[in-house]
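Trainee: For reference, the sequence and a predicted model appear below.
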Amino acid sequence: VQTLLGDPKKVIIKLAIPMIIAMSITTVYNLADAIWVSGLGSDALAAVGFVFPFFFMALAIANGLGIGGGAAISRRIGANDKEGADNVAVHTLVIMLIISILFTILFFVFAPDILSVIGAGKTLAMATVYARIMAIGTIAIFFSFIANAILRAEGDVNRAMYALALGAVLNIVLDPIFIYTFDLGVAGAAWATLFSMSVSSLLLFYWLFLKKNTYLSFHFRGFHFNKSAIKDIFKVSFPASVMQLSMSITMLIMNIIILKVGIINGAENPQDGV
């Protein structure tokens, strides 16, 4: 917290650099999957490519919620309202849990239908396996982003960066092991990503709830929703999520356009494997 109360110019630089590094690291997950999966052939790479836009949708929603919650927390810390900051942090975590559970259920259940509609074709089986495993990890993805936002909101940007970096490095190391050594193929890439993100989330969970050496405190007993806190969170998180969702939607539209002109091998026979 003392970091936030220092010289504004120095604070901005001190907070910005680790945040830029941390956000850049998140792209490593999909990049590593794509690189290692490419060795399985064009169909496998196409299958993973169909799921990427939806993975980025989850990231966009989680990051947007984190931005909104983090902004509301920081404002209360600046106003010396620790109780209010604690309350907003708990609100953000509860909202995160609700959204991530809904996303997990919907995408796990309807993955085959969604992927079929966008033209997964003969890659549908592989794409569905990858999508469902990634759906299982939605809670880990959301928690990782929200926990990072909470740490950043109280000025603890270094630990936030370390947690994401650990997950990214683990994913790079585990991808070839799960894909080729364990012979899990496309599913291996998803399991490696899920495991890596879970480790990152567990580390963040330890810092926030077990070690308890953060400025913020989390009191869930007797929790009830407060309209003012929710409005304050979504006032920032909604536009932030929409802005990032536009990139995911663009990716999805580009996939469909490419499919229409027959570039992706996985969609050349759209009825195969359905």
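Mentor: Sure, I can see it.

Trainee: When you work out contacts or count neighbours from here on, use the C-alpha atoms and nothing else.
Mentor: Will do.

Trainee: by contact count, what packs against the strand or helix carrying residue 70?
Mentor: Following DSSP states H and E, the helix or strand that holds residue 70 is helix 42-78. In terms of contact count using 3 or more CA pairs under 8 Å, 6 or more residues apart in numbering; DSSP states H and E, helix 42-78 is assigned the packing partners helix 27-37, helix 82-117, helix 124-136, helix 138-153, helix 227-260.

Trainee: at 10 Å what do you get?
Mentor: Judged by 3 or more CA pairs under 10 Å, 6 or more residues apart in numbering; DSSP states H and E, the packing partners of helix 42-78 are helix 27-37, helix 82-117, helix 124-136, helix 138-153, helix 186-205, helix 227-260.

Trainee: show me where pLDDT drops low in the stretch 101-250 of the chain?
Mentor: Per-residue confidence for the stretch 101-250 of the chain (pLDDT under 70) gives no ranges below the cut-off.

Trainee: circling back: flag every buried residue along the helix holding residue 70.
Mentor: 43-74, 76-77 (16 or more other CA atoms under 10 Å).

Trainee: And for stretch 112-123?
Mentor: 112, 114, 115, 116, 118, 119, 120, 121, 122, 123.

Trainee: Quick check: the fifth one touching residue 251?
Mentor: What that stands for is residue 118. No. Residue 118 sits out of contact with residue 251 when judged by CA atoms under 10 Å, with a separation of 11.8 Å.

Trainee: Give me the common contacts of those two.
Mentor: Jointly contacting residue 118 and residue 251 under the rule CA atoms under 10 Å, 6 or more residues apart in numbering are residue 50.

Trainee: circling back to that earlier point, from the middle of its chain, how far away would the helix holding residue 70 be?
Mentor: A distance of 4 Å separates the centroid of the chain from that of helix 42-78, by CA atoms, centre = their mean, to the nearest Å.

Trainee: Check stretch 156-176 too.
Mentor: When C-alpha coordinates are averaged (CA atoms, centre = their mean), stretch 156-176 and its chain have centres 13 Å apart.

Trainee: Stretch 81-95 too?
Mentor: Centroid separation between stretch 81-95 and its chain, computed with CA atoms, centre = their mean, is 20 Å.

Trainee: just stretch 183-194 next, same as before
Mentor: Relative to the chain's own centre, stretch 183-194 is displaced by 17 Å; criterion: CA atoms, centre = their mean.

Trainee: Tell me which residues of it come out buried.
Mentor: 185, 186, 187, 188, 189, 190, 191, 192, 193, 194.

Trainee: Determine which of the helices and strands packed on helix 42-78 approaches residue 217 most closely.
Mentor: helix 82-117 (5.6 Å; CA to CA).
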